[in-house]
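Novice: sequence and predicted structure below; questions after.
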Amino acid sequence: MPLKVRRRSAESLPAHDSGFVTGRLSSWKLTSPVIDAFVSDIRTSNLLVMCLEPGMGQGAALKVMLSDMKQHSATHIFRFSGIEADAASKRLSRFARQVEKECLAGKGVFVALDSVPAGDDVVIDREIAAISRMTGSGAIVAVSLLPEDALLAERLTDSVCVSPKDLLVSDVLDLRPSDPLYDVRTATGGIPSLVGAIIRDNGSLRSDSILFGNSYYSALEQLVNSSLRSNLLDEELLVRLSMILLGRGTFEDIASVVCVEPSDVARGLEEFAPLFGVSCRDHSFCCFGVDTIDGISACSSVLSTRASLWSSVFDSVLRVLVERGEFKRAATIARMAPSKAVASVLLEHAEDFIGVGEAGLVRRTLGPALAHSQISDDRSRCLDHVLAALGDTKFRTPGARAPQSSADGSDLGGANQADALLVGCRAVLAGEAIPTSAPDIAWVAGIAVHLQAVQLLRDGRIRAAQGLAGSHALSCTEGTLPAALLHLDLGIASALLGDDQTSVDGSISRAQDFLAQEGYAAIRDEASLLLAFDAILHGSCDLASMDALVRESERTGNELVRVAALMTGAAAEYMMGDFRSAGLRSAIAASAAARAGFSHLEAEAGILCKAATGPGLGIGAVPPDWEDACDTEELSAVARLVHAALAGDDLSPDIRLTLGDAPIPSDEVWLLKVLTSGQGDIQERVRKLIPHAWTAALAPIAFVQRAPQVIRTSEAGGGNKGDGDARGVAPGARLRLSLLGGFSLQVDGETVPEWRLDRRCAKAMLVFVALHPNLLARRYEIIDQVWPDCDYKAGLDRIYQATSALRRVIAEVTPDLDPFLSYREDKSVSFDPALFACDFEEFADAAKEALTCEGDDARSLDAALRAERLYVGDLFVPSRDFTGYVVARRQELRELYADSMVAGAEAAFRLGRYRISARLADSATDVDDLREDAVEVLIRALRASGRMFEAEQRYKKYAVHFVDRTHMPPSKRLRKAMGEGGRGEGDKQHRQNDGEPMAS
């Protein structure tokens, strides 16, 4: 199995404090005992030779030796990376003479030679002679070499030889599978550069889990890049590249990819290159870190540069991965090296790639392949049909057609069983009856179970759906379409049965994240429906989101979701006591269910409608046969309960006896909880009739509060005009984000309450992404910034929850507005720049314009005044700014503000607008009271406008502060400005006030 970075929960860790992991990591020693012994007085030789792959810690070892030797020796370090062998040997010979002179003068000398290249025999002899000359004169020398220069290492006799195993971090190698930090071993193999990166990722945290962050993936990318260096032989490069692309496997896999017997190369890799995890005894390999999807994705930019030269290797690796069933990794490889061969493999196994979340990749491949005649028309139409069913919201299924009817290709040429079931995922949401049979393909069986589970939920058999989905969900591979759909089915069934698991189960978040990928837009409604159920059953009312779900499901033709969403909204209004709206909405739901043939949902909606309209407050048209429509005994029991409550027969012995004998209607728990929740008279009557045996399972839902109604202000209406253009929404922009002087988000002119964005850290993520260029930030950057205690997988869940929370808040104002752009390919989160207007960007544009308008004082002053109006305060810093990025941007904007104010003040002074010049200069000193250029123009402007006393006081104040902090007097330039009269001084008839001549 590919390595997955695991997160140990607090319960699985030993009884330690929250800094247990950080404490363990910080205690690890990255330097080898061999290095420690060499720099001590017990060394056995004056020459140390390290023949190692890059990233094995040789650079750090040389630095440690230099630091220790510096106390009692003269130290020198020479790096020969990128220097030809002949030039390096000549330079080494010259340096040897210098070292010999220092030694003869009685000095202790330590020399570090990094990456010494070996050439032909003449060059090697010259290098050996130079090194021997240094050690012979008494110098201590440490040499690092690459494995391909091992001939030089072999000829350096009487030396301390350091092997790769000597530099592996022993604390990591000692970890066992039961240790909470064992993930570090499987992700690094003890390689010092990777271990050090993990320590940096977790250094500032006090957490009980390991974070694999930006430092780790950057170090892994550098290590892979150096492992594929161009000076290696082609045969070894091919073997190395194949191992990295495959991640793990056997020598037979490598031989099938490169058509070369890899045993000879593998022996060298086992000795010198721990990254590849080669075992010649087992004829196997497992590349540390790169065997995961996250690891190979982090290295994609490095690996894709090799695709043009070694395209056949990528094609062969893709075929091997497909044979193994590793379609997610195969998709990653396919994106690195697109080709006709890759397209053929992708389309041949298109259903499998769709099943792991790569519908977008299949769609992008299909068009060019058809244009190049790589795929038949029948197969193309079939795949286009499947992709449209899953991803096109305008697509409509042709009617109630059994999937197996197209399995033989009678309905759609080129279709197979998997295609039919994938189309069925959309058809079942549209309400079609989908008979299913046991599929021949293992992963497709999960889709068939999903179709059965949805139909059980539709027919009110909630317990059966929970049992069916639960028994198969755990056996499905995570990160696949069947797993996502079955977890959603299980979540909906559990929510309806009163099992409070949907809000805390990470599998639900992963399922939602899966469907958020490109190509699955048409079947996302089930995930939204689960959120709606979960919200209602937890006492939350978000009618705007429910209305949006109704509209969206109507547009997509997912009638089953639409009816369920209507009933959810009716339930919310009923619990809030809005019986008029609840009756109308439930009547609409009943009517829609009747047209679609959802008999059970029609009966449930009829009961809810009757309960809402019974007190005489509703306006919904109750179906006349609402009691007879019940198709199960349990639903009939609920109908009798409502009938008795409305008829006032709560004291009737016959009805009490009937209800008392009836078993608890577990499939209708959700409906009973809704009927008994709220403060109305009908709810109280129903509660009194509930048998005592049912009460344990029917705790009423906490009272639901309606969110304040959003009142939309028309564009032509009035409003607060005081903000002017500094706070208005830019033309074309529908969202206004203001971060200067505080936080504010406006959607179509309406301000979103700030507290609504605190949930799921949506505000912190919004601020961080908005401050990046093009409103785009990498996902690992967001995780490091907002959730540094989460690993990458858990961080993705948090990002999804935050984006969902932000979408929900915006949808309450404008349901059809989505602020995000999708960047799944490069793992980013991005806002649509066309929708956003940000005050800090407008300020920065104005401030930079003020600084760059040389020779155009009027334009510079105008830009500075705009920047002054926009900068109403320092940049808002959210509570979660763990990387310090926002604080750094805040300081940048402060400095930019000061610079622009000084530029504007100087321009105003040259234009004779002294009062404006003084004001702008004064604003600059508010940011930095020791900024001399600001004080200088301030004093000149004050004096020029006749404010002599004020100029003298400001100079004295500055001089006192400057002397206190620097113990030096103000500059001659500033003292001269104070002594000068300044332009306009004493000439009152030419003074100007804000650019206008003063009255005579």
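Specialist: Arrived safely.
Novice: contacts, neighbours, all on C-alpha from now
Specialist: Fine.
Novice: ok, residues contacting stretch 863-871?
Specialist: Applying CA atoms under 8 Å, 6 or more residues apart in numbering, the contact partners of stretch 863-871 are 726, 740-741, 839-840, 842-844, 846-847, 849-850, 897, 900-901, 903-904, 920.
Novice: just the buried members of these?
Specialist: 726, 740, 839-840, 843-844, 846-847, 849-850, 897, 900-901, 903-904, 920 (16 or more other CA atoms under 10 Å).
Novice: Leu771: which of those is nearest?
Specialist: Phe840 (8.5 Å; CA to CA).
Novice: now do the contacts for that closest one.
Specialist: Ser738, Leu739, Leu740, Leu870, Tyr871, Leu875.
Novice: make JSON lines out of these and add distance to Arg381, secondary structure and pLDDT.
Specialist: Below are the contacts of Phe840 laid out as JSON lines (distance: CA to CA, whole Å; DSSP: H, G, I helix; E, B strand; the rest coil; pLDDT from 0 to 100):
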{"residue": "Ser738", "distance to Arg381": "49", "secondary structure": "strand", "pLDDT": "92"}
{"residue": "Leu739", "distance to Arg381": "50", "secondary structure": "coil", "pLDDT": "93"}
{"residue": "Leu740", "distance to Arg381": "53", "secondary structure": "strand", "pLDDT": "92"}
{"residue": "Leu870", "distance to Arg381": "55", "secondary structure": "helix", "pLDDT": "92"}
{"residue": "Tyr871", "distance to Arg381": "57", "secondary structure": "coil", "pLDDT": "91"}
{"residue": "Leu875", "distance to Arg381": "54", "secondary structure": "strand", "pLDDT": "92"}
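Novice: redo those residues as JSON lines? Include distance to Arg133.
Specialist: Putting the contacts of Phe840 into JSON lines (distance: CA to CA, whole Å) gives the following:
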{"residue": "Ser738", "distance to Arg133": "68"}
{"residue": "Leu739", "distance to Arg133": "66"}
{"residue": "Leu740", "distance to Arg133": "66"}
{"residue": "Leu870", "distance to Arg133": "69"}
{"residue": "Tyr871", "distance to Arg133": "67"}
{"residue": "Leu875", "distance to Arg133": "62"}
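Novice: setting aside sequence neighbours, what's the nearest residue to Leu757?
Specialist: Excluding the flanking residues, the one nearest Leu757 by CA to CA, 6 or more residues apart in numbering is Lys763, at 5.1 Å.
Novice: my guess is that neighbour meets Pro878, correct?
Specialist: Yes - using CA atoms under 8 Å, Lys763 is in contact with Pro878, at 7.5 Å.
Novice: neighbour-wise, which of those two wins?
Specialist: Lys763 (23 against 20; other CA atoms under 10 Å).
Novice: I'd like to know which elements the strand or helix carrying the more buried one is packed against.
Specialist: Secondary structure from DSSP states H and E places Lys763 in helix 762-770. Packing partners of helix 762-770 (3 or more CA pairs under 8 Å, 6 or more residues apart in numbering; DSSP states H and E): strand 776-778, helix 779-786, helix 792-813, strand 828-831.
Novice: related to what we said a few turns ago, how near is the residue nearest to Leu757 to Arg807?
Specialist: Counting by CA to CA, to the nearest Å, the gap from Lys763 to Arg807 is 12 Å.
Novice: same question, Ser308
Specialist: Noted for Ser308: a distance of 41 Å to Arg807, by CA to CA.
Novice: so these two - more neighbours on which side?
Specialist: The neighbour comparison of Ser308 against Arg807 (other CA under 10 Å) goes to Arg807, with 20 against 13.
Novice: now the helices: where do they sit in the stretch 601-750 of the chain?
Specialist: 633-647, 653-661, 669-675, 681-689 (DSSP state H, counting those that start in this stretch).
Novice: the shortest one - contacts with which helices or strands?
Specialist: Read it as helix 669-675. When contacts are defined as 3+ CA pairs under 8 Å, 6+ apart, helix 669-675 packs onto helix 481-496, helix 559-575, helix 599-613.
Novice: can you pull up the most central residue in the chain?
Specialist: Among the residues of the chain, the one closest to the centroid is Arg779, at 2.9 Å (CA atoms, centre = their mean).
Novice: tell me the confidence at that residue?
Specialist: Looking at Arg779, its pLDDT reads 87.
Novice: so what's it up against?
Specialist: By CA under 8 Å, 6+ apart, the contact list for Arg779 reads Leu796, Ile799, Lys827, Ser828, Val829.
Novice: one more: Pro482?
Specialist: Taking CA under 8 Å, 6+ apart as the test, what Pro482 contacts is Gly355, Trp443, Val444, Gly446, Ile447, His450, Ala473, Cys476.
Novice: can we see that at 6 Å?
Specialist: Under the criterion of CA atoms under 6 Å, 6 or more residues apart in numbering, the contact partners of Pro482 comprise Gly446, Ile447.
Novice: after the host helix or strand of Leu865, next one along is what?
Specialist: Leu865 belongs to helix 857-870 when assigned by DSSP H and E. Going down the chain from helix 857-870, the next helix or strand is helix 885-910, by DSSP H and E.
Novice: orientation of that next one relative to helix 857-870 in degrees?
Specialist: Relative orientation of helix 885-910 versus helix 857-870 (axes from the mean of the first three to the mean of the last three CA atoms, to 10 degrees): 140 degrees.
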